[in-house]
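Trainee: Make a model of this:
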Amino acid sequence: MQRRTLLKLGALSAAVLIVAGGATALLQPGLRQGKLTPTAQSIFSSVACAILDRTLPTGDLDKQKALAGLLDRIDDLAQAFPPHVQAELSQLLGLLSTAVGRRTLAGLESDWPSASVTEVQQALQSMRLSPLALRQQSYHALHDIVGAAYFSDASTWVTLGYPGPVNI
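Mentor: Alright, predicted model coming up:
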């Protein structure tokens, strides 16, 4: 096989994978009626465990309770977004829910629920430092949503050393 033929085949394969991943993201959105789908919840749970690694409670029951509260607050946040932002977040989560999107956009080989905290942290770091703006923007969206939703709960303020609003 000649080099040009091989390059054309590679480009065609990449285009097919991108179109298939995009079509899958449209057919399997990350949000339904402004709420996270179960797949999107698993993405945010994994991302939250990676970002909030030493911040989450250590007991299994307490950790699950904290993550459930976080997912509820992300739902509330997503519903407050304008429709065009909801659509973009839904597309991002839809892409990340596919194997091709997860590998291409996040650089994560394992699926979200079975990936270790370290693997997700490495994937997020590669997104953050990527020369591609799309990967950086995806990282910042995930990071900012997790941080805002988690630390908007008053029970997490002690971790930050924040005493709460000043009473005047």
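
Trainee: in stretch 54-63, what's buried?
Mentor: Neighbour-count burial for stretch 54-63 flags 56-57 (criterion: 16 or more other C-beta atoms under 10 Å). Glycine gets a C-beta too; all of them are placed from N, C-alpha and C.

Trainee: which regions of the chain sit below the pLDDT cut-off?
Mentor: Along the chain, the model assigns pLDDT under 70 to residues 1-27.

Trainee: the helices in it, which residues?
Mentor: Taking DSSP state H to define them, one finds helices in the chain at 3-27, 38-51, 60-80, 83-96, 99-101, 117-128, 133-151, 157-160.

Trainee: Nearest to residue 107, out of those?
Mentor: Residue 107 sits nearest to helix 117-128 of all those, at 4.6 Å, using C-beta to C-beta.

Trainee: Convert that closest one to CSV, retaining C-alpha atoms only.
Mentor: Provided in CSV are the C-alpha atoms of helix 117-128 (Å, rounded to 0.1, in the frame of the first residue of the first chain):
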residue,chain,number,x,y,z
VAL,A,117,-9.3,8.0,40.2
THR,A,118,-5.7,8.3,39.0
GLU,A,119,-6.7,7.4,35.4
VAL,A,120,-9.4,10.1,35.4
GLN,A,121,-7.0,12.6,37.0
GLN,A,122,-4.4,11.9,34.3
ALA,A,123,-7.1,12.2,31.6
LEU,A,124,-8.3,15.6,33.0
GLN,A,125,-4.7,16.8,33.2
SER,A,126,-4.1,15.9,29.6
MET,A,127,-7.3,17.8,28.6
ARG,A,128,-6.2,20.8,30.7
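
Trainee: circling back: can you say which of the helices of the chain is packed in most?
Mentor: Per-stretch averages of neighbours, counted by mean count of other C-beta atoms under 10 Å, single out helix 38-51 among these, with a mean of 21.

Trainee: name the helices or strands packed onto that one?
Mentor: Packing contacts for helix 38-51, counted by 3 or more C-beta pairs under 8 Å, 6 or more residues apart in numbering; DSSP states H and E, involve helix 60-80, helix 83-96, helix 117-128, helix 133-151.

Trainee: closest to residue 162 out of those helices?
Mentor: Taking C-beta to C-beta as the measure, the helices and strands packed on helix 38-51 were each checked against residue 162, and helix 133-151 came out nearest at 8.4 Å.
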